[in-house]
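Asks: Here's my sequence, what's the structure:
(chains A and B)
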Amino acid sequence: QVQLQQSGPGLVKPSQTLSLTCAISGDSVSSNSAAWNWIRQSPSRGLEWLGRTYYRSKWYNQYAESVKSRITINPDTSKNQFSLQLNSVTPQDTAMYYCARDRTGWPLDYWGQGTLVAVSS
Amino acid sequence: AIQMTQSPSSLSASVGDRVTITCRASQGITKDLAWYQQKPGTAPELLIYDASTLQSGVPSRFSGSGFGTDFTLTISSLQPEDFATYYCLQDYNNPFTFGQGTKVEIK
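Replies: Predicted coordinates:
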């Protein structure tokens, strides 16, 4: 059974960096058939896919255009986890953030529990 | 990016009712459409993928259909635990995009 456990602060100051981690159990961040995603949800934007990282003989990243200049998703193979960094945050980045897995031929199937992040001074 | 238009945005129904939710893609996505159920305070849960394949453990009262641009989620007989918000997701290409959601409320 795959489980994704999120961690990270729930409050970030404007202009600073939002950092979250998603620890994986029951699968591997280096899997050749899985990809590891970050999604956020807010009343104004709904569910918004932010990006993903995956391994297919080498590491790849894909990011949403809306955050491409500010986002980094990194795998950590030593801890079997992956992280989200979103730079230069504004109050518009306030949202519930989720990590999730997708696999070749399947959509997002396992999700983390969510982390509510508020951007406020 | 492919836009997903979901309707209605909300509906009121009674236990036992048949409920239909639709999702339209702005371009063809073959069968790469999934449906999720979300209850307050929890992450979305996968119900259906590939437009019509039921995820393991999901009750058979849920069904999906469609191909190309038009898709439907049907709940054949609404149960008390089905009152929730439902979302469609296209995973045909990047960026993955979601519908705006349909909130199913008790009549």
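Asks: quick one: the residue nearest the centre of chain A and chain B, what's the gap?
Replies: To find the centre residue of chain A, average its C-alpha atoms and take the closest one (Cα atoms, centre = their mean): that gives A:W38, at 2.6 Å. Applying Cβ to the nearest Cβ, to the nearest Å, one obtains 11 Å for the distance of A:W38 from chain B. Yep, even glycine has a C-beta here, placed from its N, CA and C like the rest.
Asks: Who are the contact partners of that residue?
Replies: With contacts defined as Cβ atoms under 8 Å, 6 or more residues apart in numbering or on different chains, the neighbours of A:W38 are A:L20, A:C22, A:W49, A:L50, A:G51, A:R52, A:I73, A:L84, A:Y97, A:Y98, A:C99, A:A100.
Asks: Then B:G99?
Replies: Contacts for B:G99 were tallied using Cβ under 8 Å, 6+ apart; they are B:M4, B:T5, B:Q6, B:C23, B:Y87, B:C88, B:L89.
Asks: Need the CA coordinates for the strand or helix carrying the third one. PDB is fine.
Replies: Here B:Q6 sits within strand B:4-7, counting by DSSP states H and E. Only the C-alpha atoms of strand B:4-7 are listed here, as PDB (Å, rounded to 0.1, in the frame of the first residue of the first chain):
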ATOM      1  CA  MET B   4     -12.000  21.100 -18.600                       C
ATOM      2  CA  THR B   5     -15.500  22.500 -18.200                       C
ATOM      3  CA  GLN B   6     -17.600  20.600 -15.600                       C
ATOM      4  CA  SER B   7     -21.300  21.000 -15.100                       C
END
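Asks: Spatially, and excluding backbone neighbours, which residue is closest to A:T53.
Replies: Nearest in space to A:T53, with sequence neighbours left out and distances taken as Cβ to Cβ, 6 or more residues apart in numbering or on different chains, is A:I73 at 4.6 Å.
Asks: hang on, isn't the one you found packed against A:Y60?
Replies: No. When contacts are counted by Cβ atoms under 8 Å, A:I73 is not listed as touching A:Y60 (10.3 Å).
Asks: ok, now which ones touch the spatially most central residue of chain B?
Replies: Here the mean C-alpha position of chain B is nearest to the C-alpha of B:W35 (Cα atoms, centre = their mean), at a distance of 3.7 Å. The neighbourhood of B:W35, defined by Cβ under 8 Å, 6+ apart, consists of B:C23, B:L46, B:L47, B:I48, B:F62, B:G64, B:L73, B:Y86, B:Y87, B:C88, B:L89.
Asks: Mark which of those are buried, thanks.
Replies: Those of the contacts of B:W35 that meet the buried threshold are B:C23, B:L46, B:L47, B:I48, B:F62, B:G64, B:L73, B:Y86, B:Y87, B:C88, B:L89, by 16 or more other Cβ atoms under 10 Å in any protein chain shown.
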